[in-house]
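Asker: give me coordinates for this.
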Amino acid sequence: MLSRTAAANATATEVRTGAVLIRNARIRQFTASAPVLYLQIFNVQTPTVGTTAPAEVIRIPAKVAGQQATVTKRTMYGSLGGLYLATGFSYAVTTTHDGNTAPAAGDEPEVEINYEQR
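Answerer: Numbers count the residues shown, from 1 in each chain. All right, here's what the predicted structure looks like:
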């Protein structure tokens, strides 16, 4: 299954209640002025971003000048073949590692996460 958000921000994208196995993530940043951002992945369906501890955090580098997009790819590893989330699955993009501040308007990246229900 694929969860895709064209402009992910600090409002959590609620994907699923129940167990999932995340295989990989791809984040694309198109905005030239976008700073370093962070994709927070949560093991709950409805986190309080900035308070709920993320299960995984992926750093999204600032866009590289002269490229159409900066692409970050992350393959998840674990004993089951990916990142296992037992309770639920949601994600948000913020300006700090564990924070709750949204990217500026227009700086939100496109996020795609491949997962399977368990």
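
Asker: where does pLDDT dip in the protein?
Answerer: Across the chain, the ranges flagged by pLDDT under 70 are 65-66.

Asker: that one: strands as residue ranges?
Answerer: Assigned by DSSP state E, the strands in the chain fall at 2-5, 13-17, 20-29, 37-42, 56-60, 70-75, 83-85, 88-94, 110-117.

Asker: just checking, what packs against the fourth one?
Answerer: In other words, strand 37-42. Using 3 or more CB pairs under 8 Å, 6 or more residues apart in numbering; DSSP states H and E, the elements in contact with strand 37-42 are strand 20-29, strand 56-60, strand 83-85, strand 88-94. For every residue, glycine as well, the C-beta is placed using N, CA and C.

Asker: follow-up on the earlier one: now render the strands of the chain as a markdown table, adding distance to Thr48 and mean neighbour count.
Answerer: Below are the strands of the chain laid out as a markdown table (distance: least, CB to CB, whole Å; neighbours: other CB atoms under 10 Å):
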| stretch | distance to Thr48 | mean neighbour count |
| --- | --- | --- |
| strand 2-5 | 19 | 14 |
| strand 13-17 | 12 | 16 |
| strand 20-29 | 20 | 20 |
| strand 37-42 | 10 | 23 |
| strand 56-60 | 16 | 17 |
| strand 70-75 | 24 | 15 |
| strand 83-85 | 17 | 21 |
| strand 88-94 | 10 | 24 |
| strand 110-117 | 20 | 18 |
